[in-house]
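J.: Quick one, what's the 3D model for this:
(one chain, ligands or ions: 1)
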Amino acid sequence: MLRQSQSHPQVELHNHLTVTFNESLAHDVREGLTADRKRLPSKYFYDSRGSRLFDRICSLPEYYLTRTEMKILGDHAHSIMQPFARGDLVEMGSGSHHKISRLLHAVNGTAGAQLRYIPFDVSRNALLEASRELMRRFPQLCIMGYVADFTAHLHLLPHGSKRLFLLFGSTIGNFPGPEAVGLLRNVRAIMAPDDRFLLGLDMVKPPHNLNAAYNDSRGVTSSFNKNILTVINRHLHADFNPAQFDHLAFYNEEKEQVEMHLQAREAATVNIADIDLSVDFKKGETIHTEISRKFTPESARILCAHAGLEISRWFSDAQGWFSLVELVPRRG
Ligand code: AVJ
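T.: As a prediction, this is how the structure comes out:
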């Protein structure tokens, strides 16, 4: 299905979502909340309220990730963009426009520059909002947005131009090992030899810094975590009381990942009307809502190698807290 945006001739939107949000939520909630150890996929944090809460997290003093990645992007944008004055910038899970703006800014005004921005996001609204702002800032830019799931729909991308793939924010850290490798392999599978892939990775660092980043003093991360229950209430007519759950986030040193959970304060039964499910919670029982893996130079190299990707350049901050790795497809 193709939808051309009337008011913005520069933007072209393609909608490829085959199952509705409610259908996929219903399936995942049933599977996750009937399991022995209850879990919910972290992608359901991001309705419009959740996305706003996440934006607030990004500017918290404790949450160094966004700030650090933005600084690295600013420092190295020219060098990163040098081979891409012409071509496609494919951003997976694009969300807001700040990071791509840093890269576009570096080529803005370059003679002969001709870039197309291809964001992938499951939220049509997020795509439109970001596109509007980008068109205002970069009137020459062409935008071809995909309302689609980048874990499933990358093969729909147009061919013919040199491409820079982008996955910012350490989003890859939300996927367990095999899934992360699968996702990177999917990108590798459609890369031409001259294409590049810029991947954001949050690095292992002292546990107190990691714990602080996911337990901010203003409680924004707690609201963000509990928002997943609000999403289920609204979309599936459930009766979760978010106030009866505690936000739990900690760095698991052995697994090198931050884990977020929601912990029931008291025993409770929750009814989820639309899927005819009632779920019992014991006092203290948890729902695992997110993993956020942290990397070392070695574990990053191994992850990429498993996906057939080689690190060509490594960009980092002075402390080595966050990395942007530039990847090339390995031959053969
Ligand atoms: C957007 C997935 C990178 O894992 O740090 C922020 C999400 N979770 N605070 C992360 C998040 C709790 C964030 N990512």
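J.: quick one, what contacts Ile228?
T.: The contact partners of Ile228, taken as C-beta atoms under 8 Å, 6 or more residues apart in numbering, are 40, 42, 44-45, 50, 262, 289. In short, each C-beta sits where N, CA and C put it, glycine included.
J.: repeat that with 7 Å
T.: Ile228 makes contact with 40, 44-45, 289 under the criterion C-beta atoms under 7 Å, 6 or more residues apart in numbering.
J.: TSV for those, including secondary structure?
T.: Converted to TSV, these look like this (DSSP: H, G, I helix; E, B strand; the rest coil):
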residue	secondary structure
Leu40	coil
Tyr44	helix
Phe45	helix
Thr289	strand
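J.: Redo these as JSON lines? Include neighbour count and distance to the ligand.
T.: Below are the contacts of Ile228 laid out as JSON lines (neighbours: other C-beta atoms under 10 Å; distance: C-beta to the nearest ligand atom, whole Å):
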{"residue": "Leu40", "neighbour count": "22", "distance to the ligand": "13"}
{"residue": "Tyr44", "neighbour count": "21", "distance to the ligand": "12"}
{"residue": "Phe45", "neighbour count": "22", "distance to the ligand": "7"}
{"residue": "Thr289", "neighbour count": "26", "distance to the ligand": "9"}
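J.: Specify which member of those residues is nearest to Asp246.
T.: Thr289 (12.2 Å; C-beta to C-beta).
J.: residue contacts, the closest one?
T.: Thr289 neighbours (C-beta under 7 Å, 6+ apart): 40, 42, 225, 228, 260-262.
J.: Let's see that with 6 Å instead.
T.: 40, 42, 225, 228, 260, 262 (C-beta atoms under 6 Å, 6 or more residues apart in numbering).
J.: Quick one: residues in contact with stretch 183-200.
T.: 69, 151, 154, 162-170, 307-309, 324-327, 329.
J.: Filter these down to the ones in helices?
T.: Glu69 (DSSP state H).
J.: Within reach of the ligand, which of the contacts of stretch 183-200 are there?
T.: 169-170 (C-beta under 6 Å from any ligand atom).
J.: State the distance from Asp280 to the ligand.
T.: 27 Å (C-beta to the nearest ligand atom, to the nearest Å).
J.: what secondary structure does Ser94 sit in?
T.: Quick answer, by three-state DSSP: Ser94 is coil.
J.: OK, contacts around the spatially most central residue of the chain?
T.: The centre of the chain sits closest to Thr171, judged by C-alpha atoms, centre = their mean, with a distance of 4.0 Å. In this structure, Thr171 makes contact with Gly93, judged by C-beta under 6 Å, 6+ apart.
J.: Any chance of a PyMOL selection covering the buried ones in the contacts of stretch 183-200?
T.: The buried residues among the contacts of stretch 183-200 can be selected in PyMOL (16 or more other C-beta atoms under 10 Å) with this line:
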select buried, resi 69+154+163+164+165+166+167+168+169+170+307+308+309+324+325+326+327+329
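J.: follow-up on the earlier one: what about the residue nearest to the centre of the chain, distance to the ligand?
T.: Counting by C-beta to the nearest ligand atom - Thr171 and the ligand are separated by 5 Å.
J.: Just the pLDDT at that residue, thanks.
T.: pLDDT for Thr171: 97.
J.: In three-state terms, how would the residue of the stretch 201-332 of the chain found nearest the ligand be classified?
T.: Residue of the stretch 201-332 of the chain nearest the ligand, by C-beta to the nearest ligand atom: Ser292 (3.3 Å). Following three-state DSSP, the label given to Ser292 is strand.
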